[in-house]
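1. Sharing a model that was predicted from the sequence below.
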Amino acid sequence: METVTALVASRLTRLAAATVLGLTLTATLATAPTPAPDFTLETTGGGAFHLADHRSEAVVLVFMFPGAPSYELLEPSLKRVHWRFENDGATSARFAILGISIIPTQPLSVLEEYKTAREIPWAIARDTANVTAAYGVAAVVTVVLVGLEGEVAWEWTVQGTAWSPSEVEDELGSRVNEMIVETTAEPIGWLLLAFAGVTITTATLACVAWFVVLRRKARAPPAS
């Protein structure tokens with residue numbers, strides 16, 4: 001009887017380990033987000049922006065420099081996205097935009113004047129920490145959306161002249177909305193959880209049934 005019990009326990013342990021390993025590998029392969037490089041930069045208004053302090057927020061990083069034509073063309077769309085979420089009491093605490101001038105030697109006073117003249121509602125920092133390189137920014141303007149877990153959720157870089165500010169606005173707004181407004185879990189996540197639950201439950205029941213059969217056989221009197 002002890003041998004049968006030990007055998008069943010061994011098989012249950014192996015099955016559980018295999019199930020957990022399979023689910024872990026599946027989840028890892030399905031979602032492998034790129035962590036957003038952390039940084040701290042001085043900003044206009046005498047403050048500082050530390051990305052890690054904004055975990056659980058949707059953070060939009062806008063790599064630009066004052067007077068860049070592509071940035072100024074996109075700026076009205078960015079303002080509309082900002083107003084959409086920043087002026088909503090339900091989302092304002094979970095949303096932030098930061099402009100990052102790629103010119104590290106640019107005085108903050110110049111950025112402050114530019115911000116005031118153009119009525120930019122978000123802070124602007126100068127890249128004194130090589131953030132541009134850390135994010136692989138190759139062109140101005142580049143927009144990076146950092147997700148709630150500190151991952152790079154989306155990135156857009158200007159490509160020539162064939163681009164539409166409204167398309168960028170729609171895509172960015174939609175992605176931010178999914179992050180901080182639609183708080184229910186994604187359908188795929190629920191399906192994975194349901195599949196895992198069904199798999200583990202089925203396997204457990206099968207093992208229990210098998211254990212009961214073996215136990216009955218072990219207790220049965222030998223055939224005459």
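-> Great, that's in hand.
2. According to the record, where do the domains of this structure fall?
-> Under the assignment automatic domain parsing, the domains of the chain span 15-31+186-219, 40-180.
3. Out of those domains, which one sits most buried?
-> domain 40-180 (a mean of 17; mean count of other C-beta atoms under 10 Å). In this view, the C-beta of every residue, glycine as well, is placed from N, C-alpha and C.
4. Just put the domains of the chain in CSV and tack on mean pLDDT.
-> Rendered in CSV, the data for the domains of the chain read as follows (pLDDT from 0 to 100):
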stretch, mean pLDDT
domain 15-31+186-219, 56
domain 40-180, 96
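5. Show me where the protein has its helices.
-> All helices of the chain, identified by DSSP state H, fall at 2-30, 69-86, 108-117, 131-134, 165-180, 187-219.
6. Leu111 versus Ala125, what's the distance?
-> 8 Å (C-beta to C-beta, to the nearest Å).
7. swap in Arg118?
-> For Arg118 relative to Leu111 (C-beta to C-beta), the value is 11 Å.
8. can you check Gly89 too?
-> 29 Å.
9. Repeat that for Phe95.
-> Distance of Phe95 to Leu111, computed by C-beta to C-beta: 21 Å.
10. got the contact list for the residue lying closest to Ser77 once chain neighbours are set aside?
-> Nearest residue to Ser77, sequence neighbours excluded (C-beta to C-beta, 6 or more residues apart in numbering): Glu169, at 3.6 Å. Contacts here follow C-beta atoms under 8 Å, 6 or more residues apart in numbering; on that basis Glu169 touches Ser77, Leu78, Arg80, Val81.
11. switch to 10 Å and redo it
-> If a contact means C-beta atoms under 10 Å, 6 or more residues apart in numbering, then Glu169 has Leu74, Pro76, Ser77, Leu78, Lys79, Arg80, Val81, Arg84 as its contacts.
12. Export these to TSV and append columns for distance to Pro104.
-> Below are those laid out as TSV (distance: C-beta to C-beta, whole Å):
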residue	distance to Pro104
Leu74	22
Pro76	27
Ser77	26
Leu78	22
Lys79	25
Arg80	29
Val81	26
Arg84	31
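13. quick one: which of these is nearest to Arg175?
-> Arg175 lies nearest to Val81 out of the contacts of Glu169, by C-beta to C-beta, at 10.0 Å.
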